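**Q** give me a 3D structure for the following:
(one chain, ligands or ions: 1)
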Amino acid sequence: MTNTEASAEDFARMLIYAADCIRYTQQVQSYNDCNNCARGCGYEPKWGAMTRINCPLWRAKDETDRS
Ligand SMILES: [Zn+2]
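**A** Just a heads-up that it's a prediction; the model follows:
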């Protein structure tokens, strides 16, 4: 007979994994990417394409624009 019920330990492990995913997503979202870059380095994604996060070529559009 197989046990298909998740144990409390399994549930705790899933919660920790979900928290890690949220933390990682927040970290990635804090990076600049080619969507808000002044340079137009050629990696700016087309609609539906992957975004190049934390692009080393990234430049601010305007030093006074910090909104
Ligand atoms: Zn770029």
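**Q** can you tell me the closest non-neighbouring residue to P45?
**A** Of all residues not flanking P45 in the chain, T51 sits nearest, at 5.1 Å (CB to CB, 6 or more residues apart in numbering). Using the backbone N, CA and C atoms, a C-beta is placed for each residue, glycine as well.
**Q** the one you found - how many residues pack around it?
**A** 13 (other CB atoms under 10 Å).
**Q** also C37?
**A** Residues lying near C37 (other CB under 10 Å) number 18.
**Q** quick check: closest non-adjacent residue to it.
**A** Spatial nearest neighbour of C37, chain neighbours left out: W58 (4.8 Å); criterion: CB to CB, 6+ apart.
**Q** can you check Y43 too?
**A** R52 (4.3 Å).
**Q** hmm, that neighbour is touching C34, no?
**A** Yes: contact criterion CB atoms under 8 Å: R52 and C34 qualify, at 5.2 Å.
**Q** residues shared between the contacts of those two?
**A** Each of 43, 45 lies in contact with both R52 and C34 under the rule CB atoms under 8 Å, 6 or more residues apart in numbering.
**Q** starting at the chain centroid, how far to stretch 23-39?
**A** The chain centroid and the centroid of stretch 23-39 are separated by 7 Å, computed with CA atoms, centre = their mean, to the nearest Å.
**Q** give me the buried positions along it.
**A** The neighbour-count check on stretch 23-39 (16 or more other CB atoms under 10 Å) flags 33-34, 37 as buried.
**Q** near the ion, which residues of this protein?
**A** Taking CB under 5 Å from the ion as the criterion, the chain approaches the ion at residues 34, 37, 41, 43, 55, 57.
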